[in-house]
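Asker: Structure, please.
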Amino acid sequence: MEISQQHIPNLLDNLAAPRIERSDYLRKKYFLLKKHSILLLRRVRSIGHTETMEEYEQRKLGIFNLINFFQLLTGVLFPLTCLFSHKQLPLGASLVACLPALVSMLVLYLNKRHKHENALIAYFILYPFVTCVVYMYGLNLGVNLFFIFYGILSVFFLKDIGFMIFSICFSMVSYFILSVIAKQYQFQLETINKGFFLFNQGIAIVFIFYGLYLVKRENTLYQLYILDKNNDLLQKNVQIQNQADKLKENATLLKKQTEELTELNTLKNKLFSVISHDLKAPMYALRNLFTNVQEKNISPDELKEFIPNVVNDLNYAVGLMENLLQWAKSQMQANVVYPQKVDIGKLINDVLQLLRLQAEAKQIKIESNASEGVYGYMDKDMMNLVLRNLVSNAIKFTPEKGNISVGISENQYLVEVSVQDNGTGISHDALLKINSNNFYTTQGTASESGTGLGLMLCKEYLARNGGHLHIESELGKGSIFSFSLPKSA
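Answerer: Take a look at the predicted model:
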C-alpha cells in the first residue's frame, strides 16, 4: 500500500503525540513529587515548635529535626539492603544495625512531645553509644565519620559547656578506638556490599558538610533577622523619641500657657481691684457735685474750684476705660493686626493736640520735631494708643513747668520714635518689673493714679507690629521711651 505525501505529516504527528503526553506526565509527576517533598520537609522542621519559642531556637530545632530525619532514612537502608543481598547477616546483627535509626525515631518523638532537652541528651549520648555497640558487635558499617559529625553538632546545639565537652570527648575517643585501634570486625560491610559501604562513607561526609552548611545558613539568616529586628527597633525608638519630644514640647507649651493664664488671672484680679477703687472716685465726685448743684448748696465760686479736680478725675477715668477696652480687645483678637502705610509725623501731632489740655494743666512744654511726611508700616490704631500712653505717662511723671520732647529719626529700613521727659525717672527695681511684664503702677507728680496697664499694652502692640519698647531712665533725671518700626516707602 502506498502512502501519499499529504499523509506523511499526519503520521509523524501521531507518532510524536504519545512521546509528548508521556513527557507532560513525567513533568507533572516530578512537580507533584517535589511539592510533596517540600511539604514533608516543612512538617519535619516544624516538629516540636511552640508559639513561645524564640525565632533562633525554632531555627535550631528545625535543623536538628532534619538531621535526625535524614539519619533515620539512611539508618533503615542498611537492613533493607541486607535483606536483598546474596550474603545474609545474622538476625542479631541486622537488629543491632537498626539501633541508630531507632535513636533518630526516639529523638523526633521527644521533640514532638516538646521534650527538647531530653531529645538533645538522647541524641548526643545514645547515638554515639549505639554506634559503638554496632562496632563492638563486630559490624563495620563505614559510619565511623559520624563521630566527627556528632562533635561538630554538639558545639552548635548544646548550651551547657560541661555537656558539650563531654559529648565532644566521647565522640572523639569512640572514633579513635573504633577506627584506629580496633580494625578487625567479624562482619565487614565492605565485603558484604561494597557499594553500600562506600555510600555510608560518602553519606557521612555529606552529613558533615551539610550540617556545617545548615549551621552557617541558619546563623546567617538569624543575623539578617536580628538586623531587621534592630532596624525595626531603631525605627520604633525614633518614633518613640519623636513622640517623647512632641510630648515634651506639648508639656513646655502647656507650662507656658499655664504661666500665661496665671499671669492673666493675676492681672485680671489686680485690674478689677484698680477698677473698683479708681472708678469710684470720679463717679462719687460727679455725684456729689451734681447733688450739691441740685440742692443749691454750692456757690458759683465753689463750683469753679471743684471743676478742675472733677475734670482731672474724669480724664483719668476716660484714659482708664480706653486702656481697658483696648486690653479686652487685644485679648479677644490676639492675632488681628491691620498694618498699613502711616504718616508717623501726622499721627504724633494728632496725639499731642489731643493731650494738649492735660499738658497745659501742669504748664508742661512739649517740643516736637515730628514733621509730616515720614511713613512707617504699622497698625494705625495700635500706634495711636502707644503714642497716647507714652506721652500721657511723660506728662503724668513730669513736674509742673517741666519739658517733654517727642522726636523722629529714620534710616533706610526703620523709623525710630522717642518720648523724653525731665520727670521723676524710674528706679532700677521698677524698671526690672516693667521689662519683665510684671504689673506695676505708681502715682504721678500731681498724685495722678495709674493702672500699669498702659505700658503693658504698648509693649504688646509694638511686638505685634514688629517693634520693641526700649526704656532708659535714671531716678530723678527723667526717662526716654523709644521704639522702632519698619519704614514704608
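Asker: what does the model give Asn230 for pLDDT?
Answerer: Asn230 carries a pLDDT value of 86.
Asker: What helices and strands are in contact with whichever strand or helix holds it?
Answerer: Assigned by DSSP states H and E, Asn230 belongs to helix 194-278. With contacts taken as 3 or more C-beta pairs under 8 Å, 6 or more residues apart in numbering; DSSP states H and E, helix 194-278 sits against helix 55-83, helix 146-157, helix 189-192, helix 300-332. In short, each C-beta sits where N, CA and C put it, glycine included.
Asker: so where's the stretch 351-489 of the chain shaky on pLDDT?
Answerer: In the predicted model of the stretch 351-489 of the chain, residues 437-452, 489 satisfy pLDDT under 70.
Asker: And the helices in it?
Answerer: Taking DSSP state H, counting those that start in this stretch as the criterion, the stretch 351-489 of the chain contains helices spanning 356-361, 380-396, 428-435, 453-464.
Asker: Could you point out which of these sits nearest Glu474?
Answerer: Glu474 sits nearest to helix 428-435 of all the helices of the stretch 351-489 of the chain, at 9.3 Å, using C-beta to C-beta.
Asker: I'd like the distance from the closest one to the chain centre, please.
Answerer: 42 Å (C-alpha atoms, centre = their mean, to the nearest Å).
Asker: And for stretch 235-250?
Answerer: 3 Å.
Asker: average model confidence for it?
Answerer: In this model, stretch 235-250 has a mean pLDDT of 89.
Asker: Got the domain ranges for this structure?
Answerer: 46-233, 279-335, 337-489 (automatic domain parsing).
Asker: As CSV, those domains with mean neighbour count and distance to Lys28 would be great.
Answerer: CSV is the format used below for the domains of the chain (neighbours: other C-beta atoms under 10 Å; distance: least, C-beta to C-beta, whole Å):
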stretch, mean neighbour count, distance to Lys28
domain 46-233, 17, 25
domain 279-335, 13, 76
domain 337-489, 17, 82
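Asker: Compile the ones you listed into CSV and extend it with columns for distance to Lys34.
Answerer: Below are the domains of the chain laid out as CSV (distance: least, C-beta to C-beta, whole Å):
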stretch, distance to Lys34
domain 46-233, 17
domain 279-335, 72
domain 337-489, 77
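Asker: Quick one, which of those domains gets closest to Leu40.
Answerer: Here domain 46-233 is closest among those (C-beta to C-beta), at 8.8 Å.
Asker: distance between that closest one and the chain's centre?
Answerer: So, by C-alpha atoms, centre = their mean, the centroid of domain 46-233 is 50 Å from its chain's centroid.
Asker: What of stretch 404-424?
Answerer: Distance of stretch 404-424 from the chain centroid (C-alpha atoms, centre = their mean) equals 50 Å.
Asker: so how far does that stretch reach from one end to the other?
Answerer: 12 Å (C-alpha to C-alpha, to the nearest Å).
Asker: same deal with stretch 474-481?
Answerer: 12 Å.
Asker: Tell me how far that stretch lies from the chain's centre.
Answerer: 52 Å.
Asker: Three-state assignment for Gly48, please.
Answerer: The three-state label given to Gly48 by DSSP: H, G, I helix; E, B strand; the rest coil is coil.
Asker: show me what contacts it?
Answerer: 61, 65, 111-114, 116, 119 (C-beta atoms under 8 Å, 6 or more residues apart in numbering).
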